[in-house]
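Q: how would this look folded up:
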Amino acid sequence: MRVLLEKVDTTKIYDITTASATIKELRSAKFDETIEIALRLGVDPRHADQMIRGAVVLPHGTGKTVRVAVFAKGVKADEAKNAGADIVGTDDLAEDIKAGNINFDIVIATPDMMALVGKVGRILGPKGLMPNPKTGTVTMDVSKAVNNVKSGQVNFRVDKKGNIHAPIGKVSFSEDKIKGNLEELVKMINRLKPSVAKGKYIRHATLSLTMSPSLQLDAQELMDLR
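A: Numbers count the residues shown, from 1 in each chain. A predicted model of the protein is given here:
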């Protein structure tokens, strides 16, 4: 970490292009580290109209293989399977979840399945796996939902202190892919800015690897992304 810190100017504010290049120089682990962006927003999540939550499909994917479980029946179950869902079911899937068999990363459900999904909500909720219309995981278009998740969809949600943490790729990605993913995510967050939010929207932003110090990003440059 000391060696890595020597490569980082802690007083510098990095523009997106420079940060996308510099972050690759901080690689130290033997595995392909995840690149994560952290944003502190000028919102108060205690108010429902300032809760920022959504999803975006990164243009260059996340670099991670995602396992998808889908609650659907009939034709919609077939659509999910054809789209590449790893697990598709109804009561049987709910029973597996109750038994602790959670070998998936994302859960998608058709609206008519939400009563059933609600029965395992206490298990899925704390793990961040509960389907939600705002992230596109409660939908009749299960085929599109599965394809989005498989191709690099990232779900994000502001925490109680107004922070958002989200992966934007792997350190093995090219600088252009890192920059492209970062910009696409921030554009979506900017589009979700509440009209009631006061003051500076993005107050602080950093970019880091799984095992690295962080780079401070230019918050104004991020807010200017449209």
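Q: contacts and neighbour counts: CA atoms only from here.
A: Will do.
Q: Sketch out the low-pLDDT regions of the chain for me.
A: For the chain, no stretch is flagged by pLDDT under 70.
Q: all helices for this protein, in order.
A: In the chain, the helices defined using DSSP state H lie at 2-5, 16-22, 75-83, 91-98, 114-118, 121-124, 142-150, 175-191, 219-223.
Q: And for Ile87, nearest residue in space, chain neighbours not counted?
A: Nearest residue to Ile87 in three dimensions, chain neighbours excluded: Ala69, at 4.5 Å (Cα to Cα, 6 or more residues apart in numbering).
Q: Out of the helices of the chain, flag the one nearest Ala197.
A: helix 175-191 (11.7 Å; Cα to Cα).
Q: re the thing from before, report how many residues lie close to the residue nearest to Ile87.
A: 23 (other Cα atoms under 10 Å).
Q: Of the helices of the chain, flag the one that's most buried.
A: helix 142-150 (a mean of 22; mean count of other Cα atoms under 10 Å).
Q: Also compute the angle for that helix relative to helix 75-83, please.
A: When axes from the mean of the first three to the mean of the last three Cα atoms, to 10 degrees is applied, the directions of helix 142-150 and helix 75-83 differ by 40 degrees.
Q: could you check the distance from Asn147 over to Val75?
A: 17 Å (Cα to Cα, to the nearest Å).
Q: let me redo that: Glu25
A: 49 Å.
Q: Kindly provide the distance from Lys119 to Thr139.
A: For Lys119 relative to Thr139 (Cα to Cα), the value is 18 Å.
Q: For these two, indicate the residue with more neighbours.
A: Thr139 (19 against 13).
Q: got the contact list for the more buried one?
A: 108-111, 133, 145 (Cα atoms under 8 Å, 6 or more residues apart in numbering).
Q: cool, Ile123 as well?
A: Here Ile123 is in contact with 97-98 (criterion: Cα under 8 Å, 6+ apart).
Q: Give me the distance between it and Val70.
A: In terms of Cα to Cα, Ile123 sits 16 Å off from Val70.
Q: Quick one: neighbours of Pro133, just the number.
A: Quick note: Pro133 (other Cα under 10 Å) scores 13 neighbours.
Q: what's the answer for Leu129, then?
A: Around Leu129 there are 17 residues (other Cα under 10 Å).
Q: so it sits right up against Ile102, yeah?
A: No. Between Leu129 and Ile102 there is no contact under Cα atoms under 8 Å: 10.0 Å.
Q: Spit out the residues that contact the two alike.
A: With Cα under 8 Å, 6+ apart as the test, Leu129 and Ile102 reach no residue in common.
Q: Could you tell me which residues make contact with the residue lying closest to Glu221 once chain neighbours are set aside?
A: Closest residue to Glu221 apart from its sequence neighbours, by Cα to Cα, 6+ apart: Asp15 at 7.3 Å. Counting by Cα under 8 Å, 6+ apart, Asp15 touches 217-218, 221.
Q: How about Gln153?
A: Gln153 neighbours (Cα under 8 Å, 6+ apart): 55-58, 61-62.
Q: okay, these in TSV with neighbour count and distance to Ala48 next?
A: Output for the contacts of Gln153, formatted as TSV (neighbours: other Cα atoms under 10 Å; distance: Cα to Cα, whole Å):
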residue	neighbour count	distance to Ala48
Ala55	19	18
Val56	21	21
Val57	20	25
Leu58	24	26
Gly61	22	30
Thr62	24	29
